[in-house]
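Student: Return a 3D structure for these sequence lines:
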Amino acid sequence: MSATKRFSFIDPAKSPVFYGYMILVIGTVGIYCSIPGQTIGVSVFTDPVKDALGLSRNQFSNAYMIGTICSSLVIGRAGIWFDRYGARQVAFFAALTLAFALMLCSWSVRMSEAVKGLLDVRTWMVPFTLMTLLFFVLRFSGQGVLTMASRNMIMIWFDKNRGKVNAISSVAISFGFSSSPLWVNALIEGYSWQMAWQFLAVGLLVFSLIILLFYKNKPEEHGLVPDGKVPGPKDEGKPVPVARQYTAKEAQATRAFWMYALMLAFNSFFITGLTFHVVSVFASEGFPKEEAISIFLPASVVAVTVSTVFNFLSDYLKLKLYLYLMIFGGILASVGFLFLSTAIGIPFLIAGFGILGGFFAVLNAIVWPRFYGRTHLGAITGKVMSFLILASALAPSVFSLCFSTFGSYRLMGYLGLAFLLFLSLASIKADNPQ
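Tutor: Got it, this is the predicted structure:
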């Protein structure tokens, strides 16, 4: 039995409806299951875990940063695995690894005390090193591999309708991610942080079996084609336009690869830095904590609206327009960041924040298969993912360094505007290489 059908009793070719719609549902659930390895899923555990381990907030944050940076350096290898073995096997082992890491996280205090006793030391370096290693595995398997494999699988099963299905997936993920801190926190308060991580680990073990059953690598392996058209006798002899299948090295030789990747990385850097320090950013301009936190809901509404509308339109419009609209969103956010204490500050920041997030959901999924084909999609998106993870890892420390050095975060706004100006000029010839 072939690897694509082993342990699976479901034949996509016999499905009464196009199996790609099942892929859309289960792939979206797969991205949702990566929450324990995402910042939004880890942040809820910060206070109870750092206190239990005896780490300061800075020590815990630095362990998270180092683990995340290390994961960004090797995530490209996971993209090569995706191309070689397919979404099914890669996502299965990613889910298992994430479940194993979560179980180890729940035992982190006992493991730390055991190592201290074995080495006869009482230093903070033991729990710091332990959490750095655990964060590396969490970020690599969750934010990196499981997310990439699930999203790429959805994109591979669709072509002409890629924007439409990404709109559905993006909206579901946006609402799912935004609500996750509530139920994760409820688990922690109701059962303890150790039990919460164990519940999540068991859930991922169950989902790994679902991956074996329902994940399918590509429609061609089952006699299907993207979007659901089954080739028949009438189609024989008809010329079929074939897109060039770029390797990762060939993709990186194009201007479009770097312009889109840098814009997506800017989004990860700016939004992560602002989110991480939002209370401090607003306090430095004289705003209370409540005002800082209140920006996320309207920004989310803008992001979901932009994502939904432009995902649907992406099947008909050039993505270069989207790139410039995303740059415009970044400019709005940077200006709002600079003039936060004025009347335009908060509205500009909310609008820019939302536009950035909305177009990120579109471009990060649609650009790579449309520009570079599906054959080496894993290696290409793996490289892009390494940029995004690295940018998100560096952002909190860079923002903090800016504030501690200059007593204000405004320099980040000026740097953002300078970078976006460069990107807008360099992207003039960033055309679709197809």
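
Student: Give me the most central residue, this structure.
Tutor: Among the residues of the chain, the one closest to the centroid is Gln143, at 5.7 Å (CA atoms, centre = their mean).

Student: Give me the secondary structure label for that one.
Tutor: Under the three-state scheme (DSSP: H, G, I helix; E, B strand; the rest coil), the conformation of Gln143 reads as helix.

Student: My read is that it contacts Ile35, right?
Tutor: No - contact between Gln143 and Ile35 fails when scored by CB atoms under 8 Å: they sit 9.4 Å apart. Every C-beta, even on glycine, is put in place using the N, C-alpha and C of the backbone.

Student: For the residue lying closest to Ser408 once chain neighbours are set aside, report the pLDDT, please.
Tutor: Once its chain neighbours are removed from consideration, Ser408 has its nearest residue in Ser284; the separation is 6.1 Å (CB to CB, 6 or more residues apart in numbering). As summarised for this prediction, Ser284 has a pLDDT of 85.

Student: residues of the host helix or strand of Ile211 that come out buried?
Tutor: Of the helices and strands defined by DSSP states H and E, Ile211 is found in helix 193-214. Within helix 193-214, the residues that count as buried by 16 or more other CB atoms under 10 Å are 193-194, 196-198, 200-201, 204-205, 207-208, 211, 214.

Student: and if you look at stretch 339-358?
Tutor: 339-340, 345-346, 348-358.

Student: repeat for stretch 130-145
Tutor: The neighbour-count check on stretch 130-145 (16+ other CB under 10 Å) flags 130-145 as buried.

Student: What lies in contact with that stretch?
Tutor: 34-39, 41-42, 49, 53, 55, 60, 63-64, 66-68, 70-71, 74-75, 78, 90-91, 94-95, 97-98, 100-102, 104-105, 108, 111-112, 115, 385, 389 (CB atoms under 8 Å, 6 or more residues apart in numbering).

Student: Please, a ChimeraX command that selects the buried ones among these?
Tutor: With 16+ other CB under 10 Å as the criterion, this ChimeraX line picks the buried residues out of the contacts of stretch 130-145:
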select :34,35,36,37,38,39,41,42,49,53,55,60,63,64,66,67,68,70,71,75,78,90,91,94,95,97,98,101,102,104,105,108,111,112,385,389
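
Student: domains in the chain, as residue ranges please.
Tutor: Residue ranges for the structural domains of the chain, counted by automatic domain parsing, are given in the record as 12-232, 248-427.

Student: Could you pull up the residues touching Arg311?
Tutor: Rather than Arg, residue 311 is Asn. For Asn311, the residues meeting the contact criterion (CB under 8 Å, 6+ apart) are Gly163, Lys164, Asn166, Ala167, Ser170, Ala361, Val362, Ile366.

Student: Tell me which other helices or strands the helix or strand of the chain with the lowest mean pLDDT touches.
Tutor: Of all the helices and strands that make up the chain, helix 289-293 has the lowest average by mean pLDDT, DSSP states H and E, namely a mean of 79. Where contact means 3 or more CB pairs under 8 Å, 6 or more residues apart in numbering; DSSP states H and E, helix 289-293 is packed against helix 278-284.

Student: Summarise which helices and strands the helix it packs on is packed against.
Tutor: helix 289-293, helix 377-406.

Student: from the chain's centre, how far out does it sit?
Tutor: Relative to the chain's own centre, helix 278-284 is displaced by 25 Å; criterion: CA atoms, centre = their mean, to the nearest Å.

Student: Name the residues of it that come out as buried.
Tutor: Within helix 278-284, the residues scored as buried using 16+ other CB under 10 Å are Val278, Val281, Phe282, Ser284.

Student: among the helices and strands packed on helix 278-284, which gets the worst mean confidence?
Tutor: Comparing mean pLDDT over the helices and strands packed on helix 278-284, the weakest stretch is helix 289-293, at a mean of 79.

Student: returning to what we had before: quick one: which of the buried residues of helix 193-214 is nearest Ser408?
Tutor: Nearest to Ser408, judged by CB to CB, of those is Trp193 at 35.2 Å.

Student: And that closest one, how far from Glu113?
Tutor: With the distance defined as CB to CB, to the nearest Å, Trp193 ends up 16 Å from Glu113.

Student: again, but for Asn311
Tutor: When CB to CB is applied, the distance between Asn311 and Glu113 equals 49 Å.

Student: and what of Thr39?
Tutor: In this view, Thr39 and Glu113 are 27 Å apart by CB to CB.

Student: Kindly report the same for Gln143.
Tutor: Distance of Gln143 to Glu113, given as CB to CB: 29 Å.

Student: What ranges in the stretch 301-434 of the chain fall below the confidence cut-off?
Tutor: The stretch 301-434 of the chain contains no residues with pLDDT under 70.

Student: Sketch out the strands for it, chain order is fine.
Tutor: When secondary structure is read from DSSP state E, counting those that start in this stretch, the stretch 301-434 of the chain shows no strands.

Student: Could I get the full set of helices for it?
Tutor: Under the criterion DSSP state H, counting those that start in this stretch, helices of the stretch 301-434 of the chain are mapped to 319-338, 345-372, 377-406, 410-426.

Student: Out of those helices, which is the most enclosed?
Tutor: With neighbours defined by mean count of other CB atoms under 10 Å, none of those is more surrounded on average than helix 345-372, at a mean of 23.

Student: right, and Leu224 touches Asp11 too?
Tutor: No - with contacts counted by CB under 8 Å, Leu224 stays clear of Asp11, the gap being 10.5 Å.
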